[in-house]
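Asker: Whatever this is, show me its structure:
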Amino acid sequence: MERRTTLWATLAVAAAVLASACSTSTTSTGGDTPAPATQRVERVRLDAEGGFGFLSPFAYRAGGRGAVRMRLMFDTLIWQDAKGDYQPLLAERWTSSVDGREWRITLRQGVRWHDGLPLTVDDVVFTFQYLQEGPGRNTPARLLAVKATAEGPDTVVLVLEQATATFEATLGGITILPRHVWEKVDDPAKYRGDDALMGSGPYALESSDLESGAYLFVARDDYYLGPPLVRRVEFVPAPNQLLSLRRGEIDVAQLGIGDDTIPEESFAPFDNDRYGKVTNAGLWNRTIFFGLMQGFPYNDVRFRQAVAYAVDRPDLVKRILFGRGVVGSMGGLVPAAPTVPPDLPTYDRDLARAASLLDSIGLRDANGDGIRDLPDGSAFVPEMITNSRFNPKTAELVKEYLRAAGIDVKIVSLDTATADAVGAEGKYQLALVGHGFGSADPDRLRTTFSIKSTQKDFMRVYGYDNERFTQLAAEQLVTLDKNRRAEISQELQRMVARDVLSLSLYVTDRIMVFDRTVFDGWYFTPGDLQVNYKGVFMGNAFAR
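Answerer: Predicted coordinates:
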């Protein structure tokens, strides 16, 4: 007996949903159903954002947008549409057993690699083996324990070591590799051969400048789903996106990926019929992480709660984002996540309560200078590391808020590489981090906060040894019942909020301002709350 998870028998079904992906309205939100864009466009230019390195499946700079760019050249088995639902790409259909451990993937026929060789079940099986047992196992592209075998000329059977609620998302993130290229490569992260960028996707990379971050992608008219709507996609350096858009140097300004302060008057030149604007809830945020492994007072929940009561988060949204964002959720997920409980504490600014909590753990003003000292009378000057690439005003305001509570924070500004390395080891007292949430899925709670997490990067909180949390975090990953998984997610978020494992200061809105005379097909994918380049640039080609 099988549980039908997602089964699309024909390409027309995918087209019916995907054709609604491209907006022709001037403004919209992630919940709108945009109208299709049908006319081919010669060129669309976007900001290079500093570049994302060599765009092979193993060498691009970490970050969701690097992966999205790489996948203009490479395909996955399935792909999200404008509603966030998974649709066929290399897979024509896929089913799951009732227990979620066995998946059967039927491949689309007639797909070819860019060099003309056919894409076969051998390529798909090889990909899983290469990522799990081969040289790809130590790269960011590695995946969960799964055994892949071929069953006939067009079917791949995947058997999981254990069922996971996120496996469909995993399928949507696995880049299928050409076996005849990568089977000869022992160090994929360093491979720079001419065929390293050869995939089956709708675009090929014609040129790149890794120093400036400039890339030029050219559409493949022989793509198996039809020619992409946009013929040439260019990423060019544009440090000030709104100014570059006004000058005609780029065709869309994508805002809300960082915390650059943009006053309202900067948007005034785009308030006319030529320009469109799409807004959506965002995924990028600034968060304070606590060094739980650094001992007192960081490992004391009362100290962390005091910090939360001292920081004026709504004021940050007003002064840093000019209102284009929201206060972060205390539960550890993006505020727009569907499982965020309505009853989470908000820790509204309350200096009296912060003072009471600090007094209770012995952090008092010992010499009358207004600054709190350690219980032994020595000075308490916690260090807060921050990444120099982000807006320094946020750190300055946090310092100001905490000083009002008697905590004199020393700001230590580090370059990106150093800040990321220190954060990945958890070797800080306080860390003001800027990062995306990746998605709204509850498994982020496990990878970020569980002491059993194997994730090792600056977005990880180390040292939270809570047996109940650890057990529930593991349970949600293997819980296939959506209602039960949502219940677990809410309980986990309540623990994160109660114990203040992190303090999400704000989450920026995602905003796209674009020249409608060039291209009017922009949209955000609600499920991941971000722009889907491949879906946008393919337009209604899925209907061909």
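Asker: Check the burial of residue 442 by counting its neighbours.
Answerer: For residue 442, the neighbour count with other Cβ atoms under 10 Å is 27. Quick note: C-beta positions are derived from backbone N, CA and C, even for glycine.
Asker: for residue 450, that is, sorry about that
Answerer: By other Cβ under 10 Å, the residues close to residue 450 number 23.
Asker: Please determine how far it is located from residue 311.
Answerer: According to Cβ to Cβ, to the nearest Å, residue 450 and residue 311 sit 25 Å apart.
Asker: Over to residue 167?
Answerer: Distance of residue 167 to residue 311, computed by Cβ to Cβ: 38 Å.
Asker: ok, now residue 118?
Answerer: Using Cβ to Cβ, residue 118 is found at 57 Å from residue 311.
Asker: These two: who's more crowded?
Answerer: Taking neighbours as other Cβ under 10 Å, residue 118 and residue 311 compare with residue 311 leading, 22 against 12.
Asker: My read is that that one contacts residue 500, right?
Answerer: No: at 10.8 Å, residue 311 does not count as touching residue 500 under the criterion of Cβ atoms under 8 Å.
Asker: Tell me the spacing between residue 223 and residue 80.
Answerer: Distance from residue 223 to residue 80, by Cβ to Cβ: 18 Å.
Asker: er, residue 291 actually
Answerer: Distance from residue 291 to residue 80, counting by Cβ to Cβ: 36 Å.
Asker: Residue 412 too?
Answerer: Residue 412 is 39 Å from residue 80, by Cβ to Cβ.
Asker: now swap in residue 233 and tell me
Answerer: Note on residue 233: its distance to residue 80, by Cβ to Cβ, is 19 Å.
Asker: Also residue 486?
Answerer: The gap separating residue 486 from residue 80 is 20 Å, by Cβ to Cβ.
Asker: So for those two, which sits in the more crowded spot?
Answerer: More crowded of residue 486 and residue 80, by other Cβ under 10 Å: residue 80, with 22 against 16.
Asker: Specify the beta-bridge partners of the nearest residue to the more buried one once chain neighbours are set aside.
Answerer: With Cβ to Cβ, 6 or more residues apart in numbering as the criterion, residue 80 has its nearest non-adjacent residue at 5.3 Å, and that residue is residue 525. Residue 525 forms beta bridges with residue 530, as assigned by DSSP bridges.
Asker: how many other residues sit next to residue 525?
Answerer: By other Cβ under 10 Å, neighbour count at residue 525 equals 21.
Asker: Identify the residues contacting it.
Answerer: Taking Cβ atoms under 8 Å, 6 or more residues apart in numbering, we find residue 525 in contact with 30, 80-84, 531-532, 535.
Asker: How about residue 389?
Answerer: Residue 389 is in contact with 415-416, 434, counting by Cβ under 8 Å, 6+ apart.
Asker: Let's see that with 7 Å instead.
Answerer: Shown in contact with residue 389 (Cβ atoms under 7 Å, 6 or more residues apart in numbering): residue 416.
Asker: wait, is it part of a helix?
Answerer: No: applying DSSP: H, G, I helix; E, B strand; the rest coil, one finds residue 389 to be coil, outside a helix.
Asker: Next, find the distance separating it from residue 417.
Answerer: On the measure of Cβ to Cβ, residue 389 and residue 417 end up 11 Å apart.
Asker: Pull out the C-alpha coordinates of the longest helix anywhere in the chain and format them as PDB.
Answerer: Longest helix in the chain by number of residues (criterion: DSSP state H): helix 482-499. What follows is helix 482-499, C-alpha atoms only, in PDB (Å, rounded to 0.1, in the frame of the first residue of the first chain):
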ATOM      1  CA  LYS A 482       1.400  17.400   9.700                       C
ATOM      2  CA  ASN A 483      -0.800  18.300  12.700                       C
ATOM      3  CA  ARG A 484       1.300  16.400  15.200                       C
ATOM      4  CA  ARG A 485       4.500  18.000  13.700                       C
ATOM      5  CA  ALA A 486       3.000  21.400  14.100                       C
ATOM      6  CA  GLU A 487       2.200  20.700  17.800                       C
ATOM      7  CA  ILE A 488       5.800  19.600  18.400                       C
ATOM      8  CA  SER A 489       7.100  22.700  16.600                       C
ATOM      9  CA  GLN A 490       5.000  25.000  18.800                       C
ATOM     10  CA  GLU A 491       6.200  23.300  22.000                       C
ATOM     11  CA  LEU A 492       9.800  23.600  20.800                       C
ATOM     12  CA  GLN A 493       9.300  27.300  20.100                       C
ATOM     13  CA  ARG A 494       7.900  27.900  23.500                       C
ATOM     14  CA  MET A 495      11.000  26.400  25.100                       C
ATOM     15  CA  VAL A 496      13.300  28.500  22.900                       C
ATOM     16  CA  ALA A 497      11.300  31.600  23.900                       C
ATOM     17  CA  ARG A 498      11.200  30.800  27.600                       C
ATOM     18  CA  ASP A 499      14.900  30.100  27.800                       C
END
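Asker: and the next element down the chain from it?
Answerer: Later in the chain than helix 482-499, the nearest helix or strand by DSSP states H and E is strand 502-508.
Asker: Model confidence for residue 23, exactly?
Answerer: At residue 23, the pLDDT value in this model is 31.
Asker: Tell me the buried residues in the longest helix of the chain?
Answerer: By neighbour count on 16 or more other Cβ atoms under 10 Å, the buried set for helix 482-499 is 485-497, 499.
Asker: Same check on stretch 447-466?
Answerer: Within stretch 447-466, the residues that qualify as buried are 447-450, 453, 458-464, 466, counting by 16+ other Cβ under 10 Å.
Asker: Ok, stretch 96-110 next?
Answerer: Within stretch 96-110, the residues scored as buried using 16+ other Cβ under 10 Å are 96-97, 100-108.
Asker: Over to stretch 146-154?
Answerer: By 16+ other Cβ under 10 Å, the buried positions in stretch 146-154 come out as 146, 148, 150.
Asker: Then stretch 232-247?
Answerer: Along stretch 232-247, these residues count as buried under the neighbour rule (16+ other Cβ under 10 Å): 232-238, 241-242, 244-246.
Asker: Widest-spaced pair of the residues you listed?
Answerer: Greatest spacing in those, by Cβ to Cβ: 232 and 242 (22.9 Å).
Asker: Do a quick rundown of the helices in the stretch 51-200 of the chain.
Answerer: For the stretch 51-200 of the chain, the helices defined by DSSP state H, counting those that start in this stretch occupy 64-70, 121-132, 167-171, 179-182.
Asker: ok, now the stretch 201-350 of the chain?
Answerer: Along the stretch 201-350 of the chain, counting by DSSP H, counting those that start in this stretch, helices occupy 241-247, 301-310, 313-321.
Asker: Nearest to residue 287, out of those?
Answerer: Going by Cβ to Cβ, the one of those nearest residue 287 is helix 313-321, 11.0 Å.
Asker: and the angle for the closest one with strand 502-508?
Answerer: 40 degrees (axes from the mean of the first three to the mean of the last three Cα atoms, to 10 degrees).
Asker: So which elements touch helix 313-321?
Answerer: strand 325-327, helix 392-404, strand 502-508 (3 or more Cβ pairs under 7 Å, 6 or more residues apart in numbering; DSSP states H and E).
Asker: hmm, who's touching that helix?
Answerer: In contact with helix 313-321 (Cβ under 7 Å, 6+ apart) are residues 259, 261, 323, 325-327, 391, 393-394, 397, 505-506, 508.
Asker: again, only using 8 Å
Answerer: 259, 261, 286, 323, 325-328, 349, 391, 393-394, 397, 401, 505-506, 508-509.
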